[in-house]
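1. I need the structure of the sequence given here:
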Amino acid sequence: MSQNNIAIIYGSDTGATENVAKSLHVKIGEDKVDLLEVNSISPDDFRKYKTILIGVPTWYIGELQSDWDYFFPEFKKIDFTGIKTTYFGLGDQLGYPDSFVDGIGILAEVVLKNGGKVFGSWSTDGYDFDESLGVNPDGDFYGLVIDDDNQHEMTDERVDKWLSQIKSDLI
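-> Next comes the predicted model:
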């Protein structure tokens, strides 16, 4: 762990979420943000940062990716007071339109319940899905949403647009 105030914490089975995490790491600045896999950290590690970008793909019908699922009982116990979080979620809107990017909503709900703040919402425009726990009460996603299966060509553009949108929160 370094002395950075910002971390990217992600889980990835197929590598798609890892690719987005690495892209964010490079674009924000590798010297400014720590890149951590959720399967190699402890709950205490979350308390070392003021701002955390959380990467989670949604698997099957609204389930957390395997590393997040394994870590979830511990995640629910973390005190997020004083910590700002945002999310980048990967999902398949055509294959799973009733649980599209549920993972970001599942994690954001815990953070909010445990005293944390959520920033970096992302418009649902340009996506075609029926239901999602990843949509916040304002009608936007809790963070950046990537559909690498069906809209791969939009990934880089979405990452860049979202980063410019949240830049002031990453100081």
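2. hey, let's count contacts and neighbours off CA atoms from now on
-> Noted.
3. Do a quick rundown of the helices in this protein.
-> For the chain, the helices defined by DSSP state H cover 16-28, 43-46, 66-75, 102-113, 155-166.
4. Could you point out which of those sits nearest Gly139?
-> helix 102-113 (12.2 Å; Cα to Cα).
5. got the CA positions of stretch 97-113 in CSV?
-> What follows is stretch 97-113 as a C-alpha-only set of coordinates in CSV (Å, rounded to 0.1, in the frame of the first residue of the first chain):
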residue,chain,number,x,y,z
PRO,A,97,-32.0,-7.0,-19.0
ASP,A,98,-33.7,-7.7,-15.6
SER,A,99,-30.5,-7.6,-13.5
PHE,A,100,-28.2,-5.4,-15.6
VAL,A,101,-25.2,-4.2,-13.5
ASP,A,102,-26.9,-5.1,-10.2
GLY,A,103,-23.5,-5.5,-8.6
ILE,A,104,-22.8,-1.8,-8.4
GLY,A,105,-26.2,-1.2,-6.6
ILE,A,106,-25.6,-4.1,-4.2
LEU,A,107,-22.2,-2.6,-3.2
ALA,A,108,-23.4,1.0,-3.2
GLU,A,109,-26.3,0.2,-0.9
VAL,A,110,-23.9,-1.2,1.7
VAL,A,111,-21.5,1.8,1.5
LEU,A,112,-24.4,4.2,2.0
LYS,A,113,-25.9,2.2,4.9
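6. Could you dump the helices of the chain into a markdown table with distance to Gly139, mean neighbour count and mean pLDDT added?
-> What follows is the helices of the chain, written out as a markdown table (distance: least, Cα to Cα, whole Å; neighbours: other Cα atoms under 10 Å; pLDDT from 0 to 100):
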| stretch | distance to Gly139 | mean neighbour count | mean pLDDT |
| --- | --- | --- | --- |
| helix 16-28 | 24 | 18 | 96 |
| helix 43-46 | 27 | 15 | 95 |
| helix 66-75 | 25 | 16 | 96 |
| helix 102-113 | 12 | 21 | 97 |
| helix 155-166 | 17 | 15 | 96 |
